[in-house]
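Colleague: would you be able to build a 3D model of this:
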Amino acid sequence: METGPLHAVTRIFIATLLLLAFVGVSSTASGNKQTYIVHLDRSKIKTAYQSLENSTPWYEAMLNSIAEVSSQEEDESEATPPELLYAYETVMFGMAARLSSKQLELLSKMDGFQYAVPDGKLSLHTTRTPQFLGLEKGKGLWYASNLKSDVIIGVVDTGIWPEHPSFQDHGLSAIPKRWKGSCTKGTQFSPSNCNRKLIGAKYFFKGFEASEGKINETEYIKSARDSNGHGTHTASTAAGSFVENASFFGLANGSAAGMRYASRIAVYKSCWGFCSGVDVIAAVEEAVSDGVDVLSISLGSPAQAYYEDFMALALFQAISKGIFVSCSAGNSGPSKSTVRNTAPWIMTVAASSLDRSFATIVKLGNGQTFEGSSLYVGKATKPLPLVYGESAGWEGAEYCLPGSLNQKLVQGKLVVCQRGINGRAEKGEQVKLAGGAGMLLINTANEEALAELHAMPSSSIGASGANAIRRYMNSTKSPTASIIFKGTTYGDRAPILAAFSSRGPNSVGPDVIKPDVTAPGVDIMAAWPAKSRLNKIIGENKRVLFHIISGTSMSCPHVSGIAALLKSRHKDWSPAAIKSALMTTAYVIDNKGGPILDRATNSPSTPFAFGSGHVDPDRAADPGLIYDITPKDYIYYLCSLKYKPSQIAVFMDNFTCPKHATMQPGDLNYPSFSVNFKRTAQNITFTYKRTVTNVGVPSSTYKVLVQDPIGVSVTVKPRILRFKKMGEKLSYKVSFTGLKRRKLVADLSFGSLVWVSGKYRVRSPIAASWK
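Modeller: Sure thing, here's the model as predicted:
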């Protein structure tokens, strides 16, 4: 303990300042003591105790000062001083302390206080997605021997924040000799920023500059460094190293890890204000030349003919060289035929929820309550006046458009903002600018309520709550509401398909179901740059290591990382084989034993929303059978689409489609079936061929189980497949007959075809459409 006069004076001075900070603060709250983890702003606290050898005296002074104030307001029986348990400076900046509710309230008034979370009984776990996916350290696909082989994941995105602990290289061996890539010097980035984890970093901007002029370097960093956050988040989701005690302001606390956390990462920054097609193509070309094993691309454009689709063209060359490619399905749901990246050689990934949420309770003045979600961390709001539309401002106020809110009407009130027209983050900015005390972000289309962070207390609310709020506001002259923040909750029904996730049918190749699978993409926590657009909300001097966001951009790298795990286990598998394993082992039953639901409709989801179902990594590692496809098979498929020689030539040189080809588009050896009938046709039959390869047990027998789509009769020949050895290929044909339909029958119906042998269930969805 310091006893010198300087330390004594400093401590008295600090305590005096802290005591003065509480003058005028009063509250009737009190209660039993509880242990809290208190997070403090290092930059603000450090300047005050820089003359001290460590932070402990400062923390003690903080607690002593609040003890003096709280003792004056609490009952004698409760007026025990706060107790400092630990002072943290390395793993976090702050302390663990036992505090009464009154003491915590006083502490929260201090400059430098960030937030406090109650201590809890913890078990070893992750930030949820690996655990939700069944991945466990030291077991299965996360067994040490499976992680030793070097797999390189290329990420085409907005770059990376190289200093982040998710990209540290502890325990990794030397960079593989086969690697041909490098790290390119640029603004705030040098080759020394790379290591044995981050082994490649390049950036591409010529297309962007050709469209927009020279890059504004006050807005964008002209290098592979990420100032957006998207690329850092996706890279760490796929292959981030283990980081203990990860959280977002105390939310989702646990150990963060990418799906294949021992993989190498190579980043190819090609997105600035937008992603130029020529820059993306250049990035993919470079990645292929460098020698990546997996490409993760969370971007896309509206679907178009494959020969006109630059992503489809570039990525065909990637899979032709054995590179697995995973892409996001898009965030334009729930409208039909909005799915992006529909080429059959691409793994197209939809987004769904975890069993974790960040719940709120919105309580109206009439006593009604509704559950929402938020990333805000803080105390519940008091009941606040509600304003919306005309009661909040001028034209566009219901959407909180720029300039639409009247400060005189909004100041100190809870503003209701409807989703649509402008971005959700911008709505929060407008409420803050107008002096609003909080925001309710209402979704009038469906029950989706995404957890988001705004610069004031806020909550997202689904359609049922939104409608009730509007009815309540129309029924009274003085509507009020409050928000209670519940923090991180577990045990939700999951997965549920996200309403924003783009849907099929596939408008370019209707004989191929898209998306292919779904994976976690709602409220996903992953690495984040130290400096980013998030600072506009949390403050310029605050830093976060992790952030929670949603999108198919988040689900895509989950599958990229899982594919890398499978590539480690099965080094001889083609990209199509890995894709088949992921699709045929996907599940369609949620954690409550019911069908996976669609958030947009609250009814069972369909293959045009989640493809074959939700990915299951461990089952995919041992699928029993696979549907393999060669690059040339894909070209024959393009021939069946009646592509011209010039259109075929952009995919493969010196290839001529057979003059008398018998292949139908539905004959592509895809692990799912999409059958398209004309609306007026009756008793029309389509027969498609499939070939499966035995990768399970050498001597095995598979029997087929079929669930016919309504309005379709399905016949499989043969109904039994008998394999004698590993790697053996057997074929079967499946016929789909459209039956006579009544007028009121739906235009879509779904079923499944499953090959069963012992523990193996090799499932393919069936989608039938009438047009």
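Colleague: next, count neighbours for residue 269.
Modeller: Neighbour count for residue 269, taken as other Cβ atoms under 10 Å: 31. Just so you know, the C-beta spots here come from the backbone N, C-alpha and C atoms, and that holds for glycine as well.
Colleague: ok, now residue 683?
Modeller: Counted with other Cβ under 10 Å, the neighbours of residue 683 add up to 9.
Colleague: just give the closest residue to it, not the sequence neighbours.
Modeller: residue 737 (6.3 Å; Cβ to Cβ, 6 or more residues apart in numbering).
Colleague: go ahead and confirm that neighbour touches residue 712.
Modeller: Yes - in terms of Cβ atoms under 8 Å, residue 737 counts as a neighbour of residue 712; the distance is 6.7 Å.
Colleague: these two: who's more crowded?
Modeller: Neighbour tally, residue 737 and residue 712, criterion other Cβ under 10 Å: the higher count belongs to residue 712, 22 against 18.
Colleague: quickly note the distance from that one to residue 688.
Modeller: Note on residue 712: its distance to residue 688, by Cβ to Cβ, to the nearest Å, is 13 Å.
Colleague: now the common contact residues for those two.
Modeller: Residues touching both residue 712 and residue 688 by Cβ atoms under 8 Å, 6 or more residues apart in numbering: residue 736.
Colleague: check contacts around residue 307.
Modeller: Residues near residue 307 by Cβ under 8 Å, 6+ apart: 313, 638, 643, 647, 648, 650, 651.
Colleague: could you list the low-pLDDT ranges of the stretch 401-550 of the chain?
Modeller: Applying pLDDT under 70 to the stretch 401-550 of the chain flags the ranges 535-536, 538-541.
Colleague: next, the contact list for residue 551, please.
Modeller: Taking Cβ under 8 Å, 6+ apart, we find residue 551 in contact with 298, 328, 331, 351, 500, 521.
Colleague: okay, it: pLDDT?
Modeller: pLDDT recorded at residue 551 is 93.
Colleague: how about the helices of the stretch 201-350 of the chain, start to end?
Modeller: Secondary structure of the stretch 201-350 of the chain, counting by DSSP state H, counting those that start in this stretch: helices at 206-212, 230-239, 277-290, 310-320.
Colleague: okay if I get the ones you listed as CSV plus mean pLDDT, mean neighbour count and distance to residue 618?
Modeller: Shown next, in CSV, are these (pLDDT from 0 to 100; neighbours: other Cβ atoms under 10 Å; distance: least, Cβ to Cβ, whole Å):
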stretch, mean pLDDT, mean neighbour count, distance to residue 618
helix 206-212, 83, 15, 41
helix 230-239, 95, 30, 18
helix 277-290, 88, 20, 28
helix 310-320, 90, 21, 24
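Colleague: low-scoring pLDDT stretches of the stretch 551-700 of the chain, where are they?
Modeller: Judged by pLDDT under 70, the stretch 551-700 of the chain has no weakly predicted residues.
Colleague: A strand includes residue 571, no?
Modeller: No - assessed with DSSP: H, G, I helix; E, B strand; the rest coil, residue 571 is coil; it does not lie in a strand.
Colleague: quick check: phi and psi at it.
Modeller: phi -70, psi -20 (degrees, to the nearest 10).
Colleague: the strand or helix carrying the residue nearest to residue 683 packs against which elements?
Modeller: Element membership for residue 737, per DSSP states H and E: strand 729-738. With contacts taken as 3 or more Cβ pairs under 8 Å, 6 or more residues apart in numbering; DSSP states H and E, strand 729-738 sits against strand 673-677, strand 684-694, strand 712-717, strand 720-723, strand 760-770.
Colleague: if you set the cut-off to 6 Å instead, what comes out?
Modeller: The contact analysis (3 or more Cβ pairs under 6 Å, 6 or more residues apart in numbering; DSSP states H and E) places strand 729-738 against strand 684-694, strand 712-717.
Colleague: so which of the ones you listed is the most surrounded?
Modeller: Most buried of these, by mean neighbour count (mean count of other Cβ atoms under 10 Å): strand 684-694, with a mean of 18.
Colleague: and the following helix or strand past that strand, what does it pack onto?
Modeller: Moving toward the C-terminus from strand 684-694, the next helix or strand (DSSP H and E) is strand 700-707. If contacts are counted by 3+ Cβ pairs under 6 Å, 6+ apart, strand 700-707 sits against strand 720-723, strand 748-757.
Colleague: give me the contact list for strand 700-707.
Modeller: Contacts to strand 700-707, defined as Cβ atoms under 6 Å, 6 or more residues apart in numbering, come from residues 714, 716, 719-723, 751-757.
Colleague: same question for stretch 358-371.
Modeller: 251, 372-375, 451, 459, 465, 468, 472, 479-486, 489.
Colleague: quick one: buried ones out of those residues?
Modeller: Burial by neighbour count, 16 or more other Cβ atoms under 10 Å: within the contacts of stretch 358-371 this picks out 251, 372-375, 451, 459, 465, 468, 472, 479-483, 485.
Colleague: among those, name the ones in helices.
Modeller: The helices in this structure, assigned by DSSP state H, contain 465, 468, 472 from the buried ones among the contacts of stretch 358-371.
Colleague: relative to residue 295, how far out is the second one?
Modeller: From residue 468 across to residue 295, the span is 46 Å (Cβ to Cβ).
Colleague: so what's the closest residue to residue 99 other than its chain neighbours up against?
Modeller: Leaving aside its sequence neighbours, residue 99 sits nearest to residue 82 (Cβ to Cβ, 6+ apart; 5.0 Å). Residue 82 makes contact with 63, 67, 97, 99, 103 under the criterion Cβ under 6 Å, 6+ apart.
Colleague: from those residues, which two are the most distant?
Modeller: Distance extremes for the contacts of residue 82: the farthest pair is 67 and 97 at 11.0 Å, using Cβ to Cβ.
Colleague: neighbour count winner among these two?
Modeller: Using other Cβ under 10 Å as the criterion, residue 67 and residue 97 rank with residue 97 on top: 26 against 19.
Colleague: surely that one meets residue 84?
Modeller: Yes - between residue 97 and residue 84 there is a contact at 5.3 Å, judged by Cβ atoms under 6 Å.
Colleague: contacts for the strand holding residue 737?
Modeller: Contacts to strand 729-738, defined as Cβ under 6 Å, 6+ apart, come from residues 675, 677, 681, 684-691, 693, 712-717, 721.
Colleague: please redo it, this time with the cut-off set to 7 Å
Modeller: Strand 729-738 is touched from outside by 673, 675, 677, 681-693, 711-718, 721, 723, 753, 768, with contacts defined as Cβ atoms under 7 Å, 6 or more residues apart in numbering.
Colleague: which stretches of the stretch 351-500 of the chain form strands?
Modeller: For the stretch 351-500 of the chain, the strands defined by DSSP state E, counting those that start in this stretch cover 356-364, 369-373, 384-387, 414-418, 438-442, 458-461, 480-490, 496-497.
Colleague: got a list of what residue 234 touches?
Modeller: By Cβ under 7 Å, 6+ apart, the contact list for residue 234 reads 155, 157, 296, 298, 553, 557.
Colleague: what sits against the closest residue to residue 747 other than its chain neighbours?
Modeller: Closest residue to residue 747 apart from its sequence neighbours, by Cβ to Cβ, 6+ apart: residue 770 at 5.0 Å. With contact set as Cβ under 7 Å, 6+ apart, residue 770 has these partners: 677, 679, 747.
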